[in-house]
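Peer 1: what follows is a predicted structure for the sequence shown.
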Amino acid sequence: MDIVFIEDLRIDAVIGIYDWERRIRQTLSFDLEMAFDNRRPAATDDINDTLNYKSISRRLQAYVEGSSFGLVETLAERCAEIVREEFGVAWVRLKLSKPGAVRGARAVGVRIERGTRPA
């Protein structure tokens, strides 16, 4: 199976459990890998046959910018659901990073996989 990916999609959001975090917007970074058979778009050279990463990016940006979660785990789960349900993706691996959240670490976060990865 082929993989369509988005790396380092940066989106500002209200995220965190501390009072000071609830009053600011923090930049989050998303990396996604999505299973998709690219043979048809390769044959037709038609964007309508693709898993359109621009559409996915815009949808996630709109959702995340309008969200307000305490945990990155919750936000990651919701974003994976959007990708799978709205874009018909059978398998997604999503990494959500929160840069600068822990002193001494470049970023912290979660990596989740949802669905069944086709062979």
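Peer 2: On my side now, so go ahead.

Peer 1: average pLDDT for stretch 25-38, rounded please.
Peer 2: Throughout stretch 25-38, pLDDT has a mean value of 97.

Peer 1: buried residues of that stretch, list them for me.
Peer 2: For stretch 25-38, burial by neighbour count (16 or more other Cβ atoms under 10 Å) applies to 28-36. (C-beta placed from N, C-alpha, C; glycine too.)

Peer 1: where along the chain do the helices fall?
Peer 2: In order along the chain, the chain carries the following helices (DSSP state H): 19-22, 39-44, 53-65, 72-87.

Peer 1: give me the angle between the third one and helix 72-87.
Peer 2: Going back to what we said before, that points to helix 53-65. Here helix 53-65 runs at 140 degrees with respect to helix 72-87, directions being taken by axes from the mean of the first three to the mean of the last three Cα atoms, to 10 degrees.

Peer 1: summarise which helices and strands helix 53-65 is packed against.
Peer 2: The contact analysis (3 or more Cβ pairs under 8 Å, 6 or more residues apart in numbering; DSSP states H and E) places helix 53-65 against strand 3-15, strand 26-35, helix 72-87.

Peer 1: any idea how far the first one is from the middle of the chain?
Peer 2: The chain centre lies 5 Å from the centre of strand 3-15; the measure is Cα atoms, centre = their mean, to the nearest Å.

Peer 1: which helices and strands sit right next to that strand?
Peer 2: Of the remaining helices and strands, those touching strand 3-15 by 3+ Cβ pairs under 8 Å, 6+ apart are helix 19-22, strand 26-35, helix 53-65, strand 68-69, helix 72-87.
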